[in-house]
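Trainee: predicted model follows, preceded by the sequence.
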Amino acid sequence: MIDISTYNGDSTEKYKWSQAFNEVQVQIDIPEGSKSKDLIVDLKPKKIMIRHKSLDEPILAGDLDNPIKAEDSYWTLEDNKRLILNLTKAGEAIWATVVKGDKTIDTKKVDNSKNLSDFDVETQGHLRKVLYEQ
């Protein structure tokens with residue numbers, strides 16, 4: 001089992017995370033042997049709360065650094081011991097952390113370049129025209 005990349009992100013005591021232009025991926029280690037039904041994952045536009053039914057305290061809870069599209073975000077369980085969150089950003093902001101109050105990164109050092117395919121079709125056409133003319 002391979003850890004997720006921390007490209008444009010970082011590691012904290014609770015999780016590892018990375019970000020792309022429009023999403024944040026978070027890896028959280030949970031008690032080994034966990035099943036999906038053991039987890040309560042509550043994703044709201046500005047808040048996150050993850051609980052394991054066998055633990056008294058939440059695994060992760062707090063205000064998100066920036067809003068997400070909760071309805072487009074999802075989670076998966078890997079090898080019954082790792083939770084992977086895929087959070088869809090509500091805007092194109094570069095995040096300094098996942099949960100406010102956690103360790104932050106220097107957002108000026110983040111690669112925020114976009115692939116041509118990340119743009120809508122009309123913008124792609126305009127960019128191709130500009131590149132061709134150069």
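Mentor: That came through fine. Numbering: from 1, shown residues only.
Trainee: so which residues of this protein form helices?
Mentor: For the chain, applying DSSP state H gives helices covering 121-133.
Trainee: show me the shaky parts of it.
Mentor: Within the chain, the stretches with pLDDT under 70 are 1, 111-120, 124, 126-127, 131.
Trainee: leaving out sequence neighbours, find the closest residue to the residue nearest to the spatial centre of it.
Mentor: Nearest to the mean C-alpha position of the chain, counting by C-alpha atoms, centre = their mean, stands Val24 at 2.1 Å. Leaving aside its chain neighbours, Val24 sits nearest to Leu87 (4.4 Å; criterion: C-beta to C-beta, 6 or more residues apart in numbering). All C-beta atoms are positioned from the backbone trio N, CA, C, and that covers glycine.
Trainee: from Glu32, how far off is that neighbour?
Mentor: Applying C-beta to C-beta, to the nearest Å, the value for Leu87 to Glu32 is 24 Å.
Trainee: the two: which is more packed in?
Mentor: Leu87 (26 against 9; other C-beta atoms under 10 Å).
Trainee: what about this structure, which residue is the most distant from its middle?
Mentor: Most peripheral residue of the chain (C-alpha atoms, centre = their mean): Glu133, 37.1 Å.
Trainee: residue boundaries of the strands in the chain?
Mentor: Remark: strands assigned in the chain by DSSP state E are 10-11, 16-19, 23-29, 39-43, 47-52, 60-63, 74-78, 82-88.
Trainee: buried residues of the fifth one, list them for me.
Mentor: I take that to be strand 47-52. The neighbour-count check on strand 47-52 (16 or more other C-beta atoms under 10 Å) flags Ile48, Ile50, Arg51, His52 as buried.
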